[in-house]
Structure formats: structure tokens, C-alpha cells
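*Asks:* coords please:
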Amino acid sequence: MSPADPDPAFEVLLDHLNRARGFDFTGYKRPSLMRLMKKRMQKVEVSGFSEYLDYLEVHPQEFDQLFNTLLLNVTAFFRDKSAWDYLSAHIIPRILATKSADDPIRVWSAGCGSGKEAYTLAIALAEALGAEAFRTRVKIYATDLDDEAVAEGRSALYTEKDVQPIPPELRSKYFEPQVAHYAFRSDLRRAVIFGRHDLVQDAPISRLDLLVCRNTLMYFNAETQARILSRFHFALNNTGFLFVGKAEMLLSYASLFAPVNLKHRVFAKVPQVSMRDRLLLMAQNSPLQTGSQQEAQMRLREEAFDTLQSAHLVVDSRGLLAMVSRQARALFGLTFKDLGRPLQDLEISYRPVELRSKLQQVYAERRPILVSDVEVVFPERNIVYLDVTVTPLLEGSGALLGARISFTDVTRYNHLQQELLNSQEELETAYQELQASNEELETTNEELQSTNEELETTNEELQSTNEELETINEELHSTNQELETINEELRQRTDELNQVNRFLEAILASFRVGIAVLDDKLSIHLWNDQAEDLWGVRAEEVQGHFFLNLDVGLPVEQLKDTIRSCQVAGAHYQEVVVDAVNRRGKSIRCRVGCTPLLGTPRAPFWVIVLMEELTDSPA
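*Replies:* Residues are numbered from 1 along each chain as shown. Prediction:
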């Protein structure tokens, strides 16, 4: 089975989790989900997914432990501090700039974990607004799929290690020290609302100014990511922002979100205009206008006609000149005295183009006529080319009112056209070369297109790999936290063991007899200070050596039977007195006691040898 193929047993297990507890992991990436599942299976010593399903049915309390493993709760205050600094310095001021003094501010921390991210948002907004405005205007919705994490966030209690990333001045300002914990300020805590929420199944929170969802989307496959991001787009106001994790680029969703700062993963919503927004009012009722208003309207129309860029004439149905634009007066030497005169009496009627016949044709056919590239030579100017358009002016009923004659300067276009013709000759010369090169370019283009598709595929794979690596990093971080807890427990146990050892050494030092502890092979494991003083041999010199091979003043061969008898099951304390020579070379009488080492099931047949110098009793 390839890595891309789903494991049927694993899919059955996920279906069971959905039916039994309502947790739908269908949209999650399979590699990371399987890796976390196997991590939990190792702890309960189960090898296969089918066996683990049986284990869940027998041990229902295992569900909670499994969900705690699958729903990684890796978060911290001001995680990726540079990104939070950018949010505080640039994004929050932009949000506030779009609001009036009393407008509410709505923020959603999706996938908030234990609430550290939500309270980081609260600190950033309280710093920007002030505590009083924060209490009255801000609502922060903190949601997660993990009930235990939500309950932890709602309590707002964190350890000293948890609050270490918070700058000291902010920590003292927003947290109240308690016994072994720090509590977020109760007066500001009311603005942070915690709740359980499934990003895949539940409806999104709406009318948001800022949506923070960091290192959560990377756990979902591409289809589920698209569905969640569509909901995020709906949830945000048109001026809202989305803040995601460093492994989440959103480059494939440019129609929904535009990057504001790609380095810090801050995106702005791309508004989508609805059909309703595109409708315009077709008509408006207006009151009757007074005479002065009509005069003002007339002046407005005349000025609008005068300021047209092209030259225009208006001739009424009788052939009289009714209107002349400013450009036409300057171009053809017309004046206001010419208004009301028959057009046929004016030079403009036949120069630069015959207009009388065109007007008759327009009146007859009731459609515009275009005369292109009319050449006009002015005494003090170069040759100018004009497009002359004659357009009929009709009433709503279809009655003829007159005609508008427009003169559009196309000199530049004409020159460009001439240059184009000249260029075409050059292009024809190069055409054959281009034709030959075209075949090569087509071949190269196909290769480039194929390479581009490969690069796109590689880019998607790299993006997926990046998200997978970030997921693994989260898992390693979670595992590291567990190891730190275990190390702390080991340190405590080591301290306890050292204390016990010191206590044992103090007990041994308090005895006035030499003591040697022998294992089942009669090798020396303990040699106290009194034994060193009695025989003149240090503990490090005899530790691990065979007791009956000791070369000291003690006749160890005479003790062999006594020691061996102590190794017999059910043996009791035995004692013998022998002649010996102490470390000073003095002959002494030595009492040697032997007793089995009791209460140590891992060390059966071990014995304790007690050695004491006998002194003569007073007479």
C-alpha cells in the first residue's frame, strides 16, 4: 500500500470516533493523524488500528487520552513575537481607524487551545484602546475542539513557566499572582468568551474585524482548507484581516484573501461585490424647477457642450446653425454671430468636407454617417486629419430635431497608421525569420509549459511538506513538554534517592563496628568507614572484589563456612570470634557476625558481615 492510499482499518477507526463521540476527522491530513494515533497506541501497547478499536470499546476512558493526543494543544503567549509586534503596530491601528469611538470590535481566535493566544489578543487590544474602552467595546471569541483546553482557557490560570514569554511590564499589568499560578485580570477576562467549535461542521462567527487562526489549517487537507477559508471570508467584515500561522501561505486563495504582510502571514479580505450592490437607481422624481433654476441648467448644458474635447456643431431640422462648441469656433473660425444662419451659407458646409449632402442623407436614413481621414490644411499649422460624424437628433416619438456634426482629430492616429504601414514592410522582411523561430519557440514553449506544470506540482508538494514539517514540529514540541515533565519527576526522585543514601550513610557511620555487604557471589558492595579504620583498606580498593580473597589481617578462610551458611534460605544471624591483626599490626580478637540481607527481593542470598574488635573486660 502506497502512502497516498488510505488504510481501511484506519478509516474504520475514524468512522468509529465520529459515530461514538462526534469527532469528525475526515478532513484532517492522514500522515500526521496516523502518526499521532500510533503514538498513543504505543503507550497502551497496541500494534494495529483494528486492535486499538477493540481497545477503545473495552476502555471508554481511553477516548479522552486519545483526543488529547490528536488535538495538539501547542500554544504560547506572543508566539512568534515579531508577528505579534507587526499586528500591534500596523493591523490593530488600521482596524481602529475604520471605527468610530463607540463602534464594537469583534475578534475570533479559532483553534485557541488553552487560551494563551486569546489573552495575547486581549493584551494587544487593551494596550491600543485602554482598559476602559476595551471593556466596553471589545469581544474576543476563543474557540477550540478540545473541551479540556477550552476549560483551561476559561479558568485563565497559568503557571510561571507559561507567562515567561510575556514582557515583564505587561505581565505585571495584566496578570495577578496567585498560589503557584498567574491569573489574567478578572475585569478584562469578561471580554474573552470561550466555547467549543468545530471549524469543519459548525457555522462561523460573523461580523469580525480580525480572525486569528494560527497553525490550525495545516492539519487539514486542501479540500477542507478551502471550505474553512470560505467560511472565514464570510465571517470577516469587508475591512477585516486574517492572521494565520507561519506554515500557512494561502497563495491558492487570492480571490478570497490578499496578502498584507506575507512574512508575518497577515491577509486582508477581498470584498466580493454582490448583485444588489451593482444595481443603480433608474430614475428619480424631482420637483418642478423655477425660472432661475432652468436658466442655471441651461448654462450648465452650454458649458458642458463647450468643454467637449472634440469640435461639435448642431444644426436644426431647418438647416440653421443652432450650437457651436468652443473647439469648433477655434478650429473653423466661427463666431456667435453665425448662430441662426443657414449652414449652406457658411464655408464649413463644404470645407473641409461636403456636409450638405451628408445632412440630407442623415435626415433621410435617420442613421449616423462617418467620413474618415478628412485632410485639413491650416495656414499656420501642419496638416490635420479629422473623422467627421453626422448624427441625427430625434425626439422620443421619432420626430427629427436636427443633427450633430462632430469633428474628431485623428491626426496622431493617422501618423501612427502611416508608421504602422512602414513598420509592416520591415515586419514582412523579418516574417520568414520569425516563422522559422516560431517553430523553435513553440517547441520551447511546450517544454516550458511542461516544466511549469512540474514546478507547480513541486511547489504544491513543497507547501504540503512545509505544513507537514510544521505539524511534526508541533508534535515534537508537545513531546518535549512531556519529556520536561518526566525529567522534573526524575530530578525529584533523584533528590529523594540522594537523601535516602545520605541517611543510609549516616546510619552506617553511626555504627562502631566494621560493616561489609556481600552479594550472592561474595563480592563486596559496601565497606564502611569503621572497616577502613579496622583493616587499613579504603572502600574503593575493595569494592567489587571477592571477600574471601582479601589480603588483610582478617583470617577470611575461617569465615567461609559461616558466610556460606547465611546464604541458605531461612538462615539467621551467626557469629564467630577469630584471631586477627588490625591495621596497626596489633594482634586482636575479632568478633565476626553474619546475617542475611532481608527485604530485598532483587538481591537474594546477599549477606551483611559485622566486624568488631574485642577488648578485655576489666578485672
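
*Asks:* helices or strands up against the helix or strand hosting residue 533?
*Replies:* In this structure, residue 533 sits in helix 529-535 according to DSSP states H and E. Contacts defined by 3 or more CB pairs under 8 Å, 6 or more residues apart in numbering; DSSP states H and E place helix 529-535 against strand 514-518, strand 607-614. The C-beta positions use only the backbone N, C-alpha and C, and glycine is treated the same way.

*Asks:* buried ones in it?
*Replies:* 530, 531, 532, 534, 535 (16 or more other CB atoms under 10 Å).

*Asks:* What about residue 11, how many residues nearby?
*Replies:* Residue 11 has 13 neighbours, counted by other CB atoms under 10 Å.

*Asks:* Could you check how far it is from residue 259?
*Replies:* Using CB to CB, to the nearest Å, we find residue 11 at a distance of 36 Å from residue 259.

*Asks:* Also residue 201?
*Replies:* 29 Å.

*Asks:* The two - which one has more neighbours?
*Replies:* A side-by-side neighbour count of residue 201 and residue 259, using other CB under 10 Å, places residue 259 first with 15 against 10.

*Asks:* which residues does the more buried one bridge with?
*Replies:* Per DSSP bridges, the residues bridged to residue 259 are residue 267.

*Asks:* For it, give me its contacts.
*Replies:* Residue 259 is in contact with 250, 266, 267, 268, counting by CB atoms under 8 Å, 6 or more residues apart in numbering.

*Asks:* tell me which of these is nearest to residue 587?
*Replies:* Set against residue 587, the nearest of the contacts of residue 259 by CB to CB is residue 266 (91.8 Å).

*Asks:* show me the contacts for the closest one.
*Replies:* 83, 86, 87, 91, 241, 242, 243, 259, 260.

*Asks:* Among the residues you listed, which are located in helices?
*Replies:* When DSSP state H defines the helices, the subset of the contacts of residue 266 inside them is 83, 86.

*Asks:* Can you add distance to residue 577 and give the contacts of residue 266 back as TSV?
*Replies:* Converted to TSV, the contacts of residue 266 look like this (distance: CB to CB, whole Å):
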residue	distance to residue 577
83	82
86	87
87	86
91	91
241	92
242	90
243	86
259	93
260	94
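
*Asks:* Need the buried ones from the contacts of residue 266 selected in PyMOL.
*Replies:* A single PyMOL command is used to select the members of those judged buried by 16+ other CB under 10 Å:
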select buried, resi 83+86+87+91+241+242+243+260
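
*Asks:* Could you tell me the angle between the longest helix seen in the chain and strand 514-518?
*Replies:* Ranked by residue count and defined by DSSP H, the top helix of the chain is helix 411-510. If you take axes from the mean of the first three to the mean of the last three CA atoms, to 10 degrees, helix 411-510 sits at 120 degrees to strand 514-518.

*Asks:* which strands and helices sit next to helix 411-510?
*Replies:* Packed next to helix 411-510, using 3+ CB pairs under 8 Å, 6+ apart, are helix 30-43, strand 383-394.

*Asks:* Need the winner for burial among the ones you listed.
*Replies:* Across those, averaging neighbours per residue (mean count of other CB atoms under 10 Å) puts strand 383-394 on top, at a mean of 18.

*Asks:* okay, the buried residues of helix 529-535 in JSON lines with distance to residue 362 next?
*Replies:* Output for the buried residues of helix 529-535, formatted as JSON lines (distance: CB to CB, whole Å):
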{"residue": "530", "distance to residue 362": "135"}
{"residue": "531", "distance to residue 362": "134"}
{"residue": "532", "distance to residue 362": "132"}
{"residue": "534", "distance to residue 362": "139"}
{"residue": "535", "distance to residue 362": "138"}
